[in-house]
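Visitor: Quick one, structure for this:
(4 chains)
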There are 2 protein chains.
Amino acid sequence: MENTLSPELSIAAVERETGLSKDVLRKWETRYGFPVPLRDKQGERLYPAEQVNRLRLIKRLIDEGIRPSRIVAESEQRLSEMALSSRSKPPRELNQNAEDFESIILALLRGQNMEGLRQRLYRELLRHGLEHFVLDTLAPMTYAVGEAWARGELDIHEEHVYTEAVQWLLRNAITNLSEAEGTPRILLTTLPGEQHGLGILMVAALFSLHGAHCISLGTQTPVQDIARAAQAHAADVVVLSFSLVYPQRGIQPALSELRQQIGDNIEIWVGGAGIPRLHNAKMPGVQFCPLMEQALNAMHVWRSMKLKC
Amino acid sequence: MENTLSPELSIAAVERETGLSKDVLRKWETRYGFPVPLRDKQGERLYPAEQVNRLRLIKRLIDEGIRPSRIVAESEQRLSEMALSSRSKPPRELNQNAEDFESIILALLRGQNMEGLRQRLYRELLRHGLEHFVLDTLAPMTYAVGEAWARGELDIHEEHVYTEAVQWLLRNAITNLSEAEGTPRILLTTLPGEQHGLGILMVAALFSLHGAHCISLGTQTPVQDIARAAQAHAADVVVLSFSLVYPQRGIQPALSELRQQIGDNIEIWVGGAGIPRLHNAKMPGVQFCPLMEQALNAMHVWRSMKLKC
DNA sequence: CCATCTATTCTGTCCTGGACAAATAATTTG
DNA sequence: CAAATTATTTGTCCAGGACAGAATAGATGG
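Guide: Numbering: from 1, shown residues only, chains lettered A, B, ... in the order given. As a prediction, the model looks like this:
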């Protein structure tokens, strides 16, 4: 009746808020000496808000590839330094224009200007055409937004606003492009736990533009249902996307399960920021497309293959 | 290298696919004698597809309010009987028209006819107007789709297709309605773990129609970020939605945490199918709106309150 | 000096089995 | 029959140990 006022979170709440599993939270406590939460009278953990914030920061850095032992027990100062400096550098060679555009968009986001954001994005789409827009503007832009968030320059809700605006734009484009008779028939979704859906929306736009028939299932479809949907829609290809946040270890088992459940004549293509980390992994019957261009290329290969048969 | 071919799932995969936590899966095993998975050579659980399917069915029934002891160890037959018969009956008194419409939509879904679905929904929207459409067509329709899925008449991917179509429709409507200067300023989202976003989209449409200014953050925003977003957008109200799937026990703690983090002058309204179960719960500073009409009403109350001050 | 291979640490996940409180059902009492 | 007690059910939490796959450092060879 009164602990409504205490700013401590249960371990379940911390898992919810940070994305770190209960097991991990407990292990870190013994291994690295952080976080060490308070306890309630039944001995259950209560994490003060301060520790939760730190955990959030640590999670970011780990998602970027830094190892826990380097940071979990690190001093507050070093942590924020790393947050600023780190960031696996992507191949970024922007011209002046693109850079300007990015800073404009980021400014609109910070100003909570949804309407202006939408207009600016749409104008850019018209200026460059959909393909160029998606590949050279939207993809780096999305990356930059994630980057800005990681540096603490953007709140997560500002990133959400960005996501909403882009979704709206792409959905409209895709709808107007949709061809019932296009080939190949491509089914797009993400696995349960993966909520980042912008990637599949972007490739869906590209595929549609090039005359494919896209079926988007949204995010978080269980493997079994993906298999059934692929059957029902007579899909030629299933496309999945994995972000940096998706637990790396889960990818391969999930893919081999899917590979086994859908027939042999349906291809699987995977992409997203979480994929490049698997550079040395080999999965029979699964195509890795770390870059969006590669997915597009895969589609062209598919077509020429089909032509020969 | 070879278990690629085995149809067994790890406990993590089962948690992902069914939504039942690892702890629950292990407890049921000892308490009810089901599920009893195989073990790999390290003694880790491997669930055959058969057991996973049963777990999915059981999860459905539990979400509808049946207690585990009644069904977890129940015979296969009884289970499917219950699946057909059960279903907490909502107050449904549909006229002939509405019923026809529902069966048309369900048929379109089964036929994977995305285009037709979109057209039919849009026509209905134009015919009845947005408010009537959302309250009397879309809300029961959404319920009916969930119901059909629970009865096994609809695959989950068909439900996803429905969701995509409705989202597209509502997003367009909301965008065209958006008023930068509207009051109250309403922020809508769901908590992490809650992926059902149609509810907030529907109320957002209603609120916008009645001149409010809606800020939608999409789904799954951590509590702290909701609080920050509410500040940044100078929101008057935060609206959250909870589906049947959201763990009932988590609602109250999360709400009181939110209540504490955002200032006292921001209202909290909650709705969704998961809310009626809390009939006897009382939370200071939180308004429960089991029905969408009540949310709309809350807005009118808010306005008259504001007028007096 | 770079590349490939091997040994070693790191790290997340899984295991058992026990405890407890909130939710629900069953019972008693007014 | 309603309200208040008591009993049962059920999900979550805890400790602490084990293990395999990933990452890293070190060794070997070209």
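
Visitor: where do the strands sit along chain A?
Guide: Ranges of strands within chain A are A:8-9, A:38-39, A:45-48, A:185-189, A:213-216, A:237-241, A:267-271, A:286-289, based on DSSP state E.

Visitor: so which of those comes closest to DNA strand D?
Guide: Of all the strands of chain A, it is strand A:45-48 that lies closest to DNA strand D, at 3.3 Å by CB to the nearest atom of the strand. Every C-beta, even on glycine, is put in place using the N, C-alpha and C of the backbone.

Visitor: follow-up on the earlier one: could I get the strands of chain A as JSON lines with mean pLDDT and distance to DNA strand D?
Guide: Output for those, formatted as JSON lines (pLDDT from 0 to 100; distance: least, CB to the nearest atom of the strand, whole Å):
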{"stretch": "strand A:8-9", "mean pLDDT": "91", "distance to DNA strand D": "10"}
{"stretch": "strand A:38-39", "mean pLDDT": "95", "distance to DNA strand D": "7"}
{"stretch": "strand A:45-48", "mean pLDDT": "96", "distance to DNA strand D": "3"}
{"stretch": "strand A:185-189", "mean pLDDT": "95", "distance to DNA strand D": "23"}
{"stretch": "strand A:213-216", "mean pLDDT": "92", "distance to DNA strand D": "29"}
{"stretch": "strand A:237-241", "mean pLDDT": "96", "distance to DNA strand D": "18"}
{"stretch": "strand A:267-271", "mean pLDDT": "94", "distance to DNA strand D": "15"}
{"stretch": "strand A:286-289", "mean pLDDT": "89", "distance to DNA strand D": "14"}
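
Visitor: Point out the one among the ones you listed that comes closest to B:Ala254.
Guide: Minimum separation from B:Ala254 across those (CB to CB) falls at strand A:8-9, 9.7 Å.

Visitor: May I have the strands that pair with that closest one, each with its orientation?
Guide: According to DSSP bridges, strand A:8-9 has the following sheet partners: strand A:45-48 (antiparallel).

Visitor: Residues touching the partner strand, excluding its own?
Guide: A:6-11, A:13-14, A:25, A:35, A:37-40, A:55 (CB atoms under 8 Å, 6 or more residues apart in numbering or on different chains).

Visitor: Could you turn the buried ones of the residues you listed into a PyMOL selection?
Guide: To isolate the buried ones among the contacts of strand A:45-48 in PyMOL, judged by 16 or more other CB atoms under 10 Å in any protein chain shown, type:
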select buried, chain A and resi 8+9+10+11+13+14+25+35+37+55
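
Visitor: Just the contacts of strand A:45-48: which are in helices?
Guide: Within the contacts of strand A:45-48, membership in helices is found for A:11, A:13-14, A:25, A:55, as judged by DSSP state H.

Visitor: Can you pull the residues of chain A lying near DNA strand C?
Guide: Contacts of chain A with DNA strand C, taken as CB under 7 Å from any atom of the strand, map to A:21, A:23-24, A:27-28, A:31, A:41-42, A:62, A:67-70, A:247, A:249-250.

Visitor: Now for A:Ser103, how many residues are close by?
Guide: The number of residues packed near A:Ser103 is 10, by other CB atoms under 10 Å in any protein chain shown.

Visitor: ok, the residue sitting nearest the centre point of chain A - contacts?
Guide: In chain A, the C-alpha nearest the mean C-alpha coordinate belongs to A:Ser243, at 3.3 Å (CA atoms, centre = their mean). By CB under 8 Å, 6+ apart, A:Ser243 lies in contact with A:194, A:196, A:199, A:272-274.

Visitor: Give the closest residue to it in space, chain neighbours not counted.
Guide: Distances taken as CB to CB, 6 or more residues apart in numbering or on different chains place A:His196 nearest to A:Ser243, at 4.0 Å, with adjacent residues excluded.

Visitor: And the residue of the stretch 51-200 of chain A that's closest to chain B?
Guide: Closest approach between the stretch 51-200 of chain A and chain B, counting by CB to the nearest CB: A:His157, at 3.4 Å.

Visitor: pretty sure that residue is in contact with B:Thr221, am I right?
Guide: Yes - the pair A:His157 / B:Thr221 is scored as a contact, 6.4 Å apart, by CB atoms under 8 Å.

Visitor: These two: who's more crowded?
Guide: A:His157 (26 against 23).

Visitor: what sits against the closest residue to that one other than its chain neighbours?
Guide: Using CB to CB, 6+ apart and skipping residues adjacent in sequence, the residue nearest A:His157 is B:Ala229, 3.4 Å away. Contacts for B:Ala229 (CB under 8 Å, 6+ apart) come out as A:155, A:157, A:160, B:187, B:189, B:215, B:217, B:221, B:235.

Visitor: mind running it again at 7 Å?
Guide: A:155, A:157, B:187, B:217 (CB atoms under 7 Å, 6 or more residues apart in numbering or on different chains).

Visitor: now swap in A:Ile186 and tell me
Guide: A:207, A:212-214, A:235-237, A:239.
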